[in-house]
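>>> what's the 3D shape of this:
(3 chains)
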Amino acid sequence: MRLVLEKRGERSHRMALLSPLIAIALTLITGGIIFALKGLNPFAALYVYFVEPLTTSWSIEQLFIKATPLALIGAGLGVSYLANVWNIGAEGQLTAGAILGSAIPVFFPEMQTLLTLLLMLGLGVIGGMVFAAIPAFLKNRFSANEILTSLMLVYVVQLILDWLVRGPWRDPKGYNFPKTISFSGWQTLPSFEVLPPSMGPLYVNLGAVLAVLVVVALAFMMGRTLKGFELRVQGVAPRAGRFAGFSREKTVWFCFLLSGGLAGLAGICEVMSTVGQLQPGISPGYGFTAIIVAFLGRLNPVGALVAAFALAISYLGGESAQVALGISDKTARVFQGILLFYILACDSLILYRLRITGLGGKVAEGRA
Amino acid sequence: MNELLSIVLTIITAATPLLLASIGELVVERSGVLNLGVEGMMAVGAVCGFGAALMTGSPLVGVLAAIAAGVILSMLFGFLTLTMVSNQVATGLALTLLGLGLAGMIGEGFVGQPGVKLEKISIPGLTGIPFIGPVLFGQDLLVYVSLIIVAATSYVLFRTKTGLIIRAVGDSHQSAHALGYSVIGVRYLCVMFGGACSGLAGGYLSLVYTPQWVENMTAGRGWIALALVVFASWLPWRLAIGAYLFGTITILGFSLQAVGIGIPSQLLSSLPYVVTILALVVISGNRALTRANTPACLGQPFVPDR
Amino acid sequence: MKIWMAMAAALALSVSAGAAQAADKLKACWVYVGPVGDFGYSYQHDQGRKAVEKELGDKVETVFLENVAEGPDAERAIERLAREGCKIIFTTSFGFMDPTIKVAAKYPDIKFEHATGYKMADNVAIYNARFYEGRYVMGQVAAKMSKTGVAGYIVSFPIPEVVMGINAFMLGAQSVNPDFKIKIVWVNSWYDPGKEADAAKVLFGQGADIMVQHTDSTAPLQIAEEQGKLGFGQSSDMIKFAPKAQLSANTDDWDPYYVARVKAVLDSTWKSGSTWGGMKDGMVVLSPFTNMPDDVKKMAEDSVAKIKSGELLPFTGPITKQDGTTVGEAGKSLPDEELLGMNYYIKGIDDKLPQ
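The predicted structure is shown next:
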């Protein structure tokens, strides 16, 4: 007996909607078995994992906080990957954005106006772009593989950050610990109340608002503009793109600057909200996780937003499972890996039909 | 002389796990598959190798267990990306996540236990020669294994029909399929070979490099291995040079520090990465070389039409 | 439909049952920066948590979150524990300082304890161990045991605690051999066995014959064992990994502090404050002196006794810095604030502190 995939004539719209549900069902069953083997009540465990993160306004706030950088970066990377430009170094661009944006409070600690906020965000974007420009330049000028250069630059910029916060940018009153001064007032992101106290209260910060705006803008660009068409053509049929007169070099620049700028924005937003200062650790690998987000979101900006929330739930769920059930951090990570596997595998059913070929040449077709 | 000897020996140990992991990935990528899960497979290889050696007392059993663990994990990756045609980049990243978690889970009982070390070999008469002896004839078994794998890979890929098939599958899966070769089958075997090498590299860490198990002991070496493959533009011998170059720069950084010249350590730590980028730029400048070697179907899924 | 209802009922039951069970126990919680399986820093803190469970039995329930990265996740992790009903929360890494202060402001009824930082509040106490006391004695032992007169020193990051340790080690060594030298390698990581092993090999190659580390893995000691050299363990007693090489290990013992503080919450006597405990308080413990002649062992044990009684203060002024200037009053220890912000090497270290 063998499993064989067969190409469908066209995308199955039914499967496009159904596949995440199948994946979740499979994950629930597998998860239930794992938890039962660990001697836990599987229903309670799954509740803690998937439902609890959605039950209180506090955890929903945390969900927004966690999903914001993932959505920002993932949406940009999705566009880039769709055009066959492989930016793997978003984590480095995030760090570069955080560094450049933080220059304002480090050098002008007294500056406290709306301009401070705008400058920091702007410099964050520029920092990410500048750093993303390096692999783009090396790709266009020397055809150096961008996967490698962008990945290597992650380590370099993290060491630059390390050097800055331990040396020149160190908080003079901080007992020589590696961190800059704490940011305050206009140096941090403002929050907005989106639900009144009677229903929450629920606050989201400016970063989350920006993420939604970015996703909408990118969705519009990809769906409704010539630029979006150009990028998609270059991804699907590079040769046709060349005949149509689209410049490959310009596309490389565009994709790197776009995804790098968004990663930089995500970086400065983290520094201005959850971290509150520049320090050696400013991101738990958001730039890498966002790669998964981009693919889970099927390289679609809106998809990235949804995927960012899904991943955020699995992170927060893993954490609450540690606290409520004493499940170790490793079990949570294994579970997350399995969830991703199911989602990725089930997505194939959109383009392919699953067939089980029997030994005697008999074919049993699983109609979906 | 003594100092030079110790530096050379240190470089060899530092380079071997990188070389093992990356030579496997090189074959995987030559067949057109990109498996970014090297780090995860290494971690599981490390913990299984450590555990098996601890339980049986035999480091060789540990080595075999490390290989087996890598193969099993790579088959999971193969099933998803080859049979289920899932996206290779995302699946590889998820494999890393899973592997690191799994390794931590398996290893919970092994923390704080000294491991069993795979000892260096000693050839009477040869190992005793000053300098040359310990460098050439006094390494652990896996150092020789890594170099043999490189030589064999180079031979098989470029001098045999098997190699021709692998490269054909990686360069143009449609034509390979049309010629009657099983693209998926070849890719499965290559992915499993990659898993075996990654597992072995992990085993090297927990059985030779530092005989112990701790979480996150792979410390990013899987990613460096991936980078080395591209750096080497998919050529086995260039890969060996790259791995040793990377090891050399890391170790020289430490040596410079220990001499006490006061260069920021971050600068020295970033040197291997910067040098890799620069070397890549130089190599890539020669377009003919890289173009010819890059597997054209790298990362593209294949589903046979029937 | 019926199945779903049954499932929901089972769910509700199991959740409420869990809540009822834990009601009258005191919940004590920990946040670790690394995995409990690091056999180093986080492992030692977790031993302290286990000691609390053992000591206070069914009066307490403990919970921990491991692998919490310093950065965006820290505040949420701490706040989650606060919301889950923890009455006392230990945040065990320097990078958790600001998040701890922020969360503590929101939950005035919960006690917080932050390790190795300097910010306090009414419900935030701080605690740390005087690791440097152990390092002073290690320096003395090293100077006695070394044949080449050179020790290798593997370090993570140039923060005051690490610099303080290097200086204390050298002061101890100089008290025995004024010409003692150290070679320092920064590996830019708290935890990377491979890199630490490489650094150890390089240092031995350059003539060091004693290995000291301020990183967490057992790798440097294992290399010492392999090469027939000597060394000191860090955080945990690592004698199992280097039975012939380990001279002693500078271990953190958080057990007494954690038990005392959780007890204080149980008795409602908890007060905020700053605890910087050393050998006297049992927070810094040198594991048994091994692989050395009896006279060296006796000297080391004497020094430990003197440090405990307060007769020996490792940082007794005046202390000469590298640039020749001096700090501290004669006969008195440097004040704690001076130590906590230490960012210079003392005279006799031929290296530049990375700034």
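
>>> where does the stretch 151-300 of chain B come near chain C, residue by residue?
Contact residues, the stretch 151-300 of chain B versus chain C (Cβ under 8 Å from any Cβ of the partner chain): B:205, B:209-212, B:214-217, B:219, B:221, B:250-251, B:254-255, B:257-262, B:264-266, B:269. C-beta here means a position set from N, CA and C on the backbone, and glycine is covered the same way.

>>> Let's see that with 7 Å instead.
When proximity is defined as Cβ under 7 Å from any Cβ of the partner chain, the stretch 151-300 of chain B approaches chain C at B:205, B:209-212, B:214-217, B:219, B:250-251, B:254-255, B:257-258, B:260, B:262, B:264-266, B:269.

>>> The most centrally placed residue in chain B: what's it in contact with?
Centroid check for chain B by Cα atoms, centre = their mean gives B:A21 as the closest residue, at 0.8 Å. Residues near B:A21 by Cβ atoms under 7 Å, 6 or more residues apart in numbering or on different chains: B:38, B:42, B:197-198, B:201, B:221-222, B:225.

>>> what two of the residues you listed have the greatest distance between them?
Spanning the widest gap among the contacts of B:A21 are B:C197 and B:R221, at 12.8 Å by Cβ to Cβ.

>>> Same drill for the two, tell me which one is more crowded.
Higher neighbour count among B:C197 and B:R221: B:C197, with 33 against 25, using other Cβ atoms under 10 Å in any protein chain shown.

>>> and the gap between the residue lying closest to C:P318 once chain neighbours are set aside and A:L189?
Nearest residue to C:P318, sequence neighbours excluded (Cβ to Cβ, 6 or more residues apart in numbering or on different chains): C:T326, at 4.1 Å. Going from C:T326 to A:L189 by Cβ to Cβ, to the nearest Å gives 47 Å.

>>> higher neighbour count, those two?
Of the pair C:T326 and A:L189, A:L189 is the one with more neighbours under other Cβ under 10 Å, namely 24 against 11.

>>> residues contacting the more buried one?
Counting by Cβ under 7 Å, 6+ apart, A:L189 touches A:205-207, A:269, A:272-273.

>>> Phi, psi for it please.
Dihedral pair for A:L189: phi -80, psi 130, per degrees, to the nearest 10.

>>> Tell me the gap between the helix ranked longest in chain A and the middle of its chain.
Criterion DSSP state H: the longest helix present in chain A is helix A:114-142. Between the centre of helix A:114-142 and the centre of its host chain there is 18 Å, according to Cα atoms, centre = their mean, to the nearest Å.

>>> buried ones in that helix?
Of the residues in helix A:114-142, A:116-117, A:119-132, A:134-136, A:138-140, A:142 count as buried by neighbour count, 16 or more other Cβ atoms under 10 Å in any protein chain shown.

>>> Equivalent analysis for stretch C:280-297, please.
Buried-residue list, stretch C:280-297, by 16+ other Cβ under 10 Å: C:281, C:283-287, C:289, C:291-292, C:296-297.

>>> which of these sit farthest apart?
Longest distance between any two of the buried residues of stretch C:280-297 is 27.6 Å, between C:D281 and C:N291; criterion Cβ to Cβ.

>>> one step back: now the buried residues of stretch C:280-297 in JSON lines, with pLDDT and secondary structure?
Output for the buried residues of stretch C:280-297, formatted as JSON lines (pLDDT from 0 to 100; DSSP: H, G, I helix; E, B strand; the rest coil):
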{"residue": "C:D281", "pLDDT": "91", "secondary structure": "coil"}
{"residue": "C:M283", "pLDDT": "93", "secondary structure": "coil"}
{"residue": "C:V284", "pLDDT": "94", "secondary structure": "strand"}
{"residue": "C:V285", "pLDDT": "94", "secondary structure": "strand"}
{"residue": "C:L286", "pLDDT": "95", "secondary structure": "strand"}
{"residue": "C:S287", "pLDDT": "94", "secondary structure": "coil"}
{"residue": "C:F289", "pLDDT": "96", "secondary structure": "coil"}
{"residue": "C:N291", "pLDDT": "95", "secondary structure": "coil"}
{"residue": "C:M292", "pLDDT": "95", "secondary structure": "coil"}
{"residue": "C:V296", "pLDDT": "96", "secondary structure": "helix"}
{"residue": "C:K297", "pLDDT": "96", "secondary structure": "helix"}
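
>>> Also within reach of chain A: list those from these.
Okay, of the buried residues of stretch C:280-297, nothing touches chain A (Cβ under 7 Å from any Cβ).

>>> Just name the closest of those to A:T225, please.
Nearest to A:T225 among the buried residues of stretch C:280-297: C:M283, at 64.0 Å, using Cβ to Cβ.

>>> Tell me which stretches of the stretch 151-300 of chain B form helices.
Taking DSSP state H, counting those that start in this stretch, the helices of the stretch 151-300 of chain B run over residues B:161-171, B:173-178, B:183-204, B:221-231, B:236-259, B:265-285, B:287-293.

>>> And stretch B:241-258, how far out from the chain middle?
Relative to the mean C-alpha coordinate of its chain, stretch B:241-258 is positioned 18 Å out (Cα atoms, centre = their mean).

>>> how about that stretch, does it reach chain A?
No. Stretch B:241-258 stays clear of chain A (Cβ under 7 Å from any Cβ), getting no nearer than 10.9 Å.

>>> what about A:I356, which helix or strand?
Here A:I356, judged by DSSP states H and E, is contained in strand A:352-357.

>>> for that strand, the distance to its chain's centre please.
With Cα atoms, centre = their mean, you get 32 Å for strand A:352-357.

>>> mean confidence for that strand?
Taken as a whole, strand A:352-357 carries a mean pLDDT of 74.

>>> For that strand, could you pull out the residues that count as buried?
If you call a residue buried by 16+ other Cβ under 10 Å, then strand A:352-357 has these buried ones: A:352-355.

>>> Name every strand pairing with the host helix or strand of C:F232 and say which way it goes.
Element membership of C:F232 [criterion: DSSP H and E] is strand C:230-235. According to DSSP bridges, strand C:230-235 forms sheet pairs with strand C:210-214 (parallel), strand C:246-252 (parallel).
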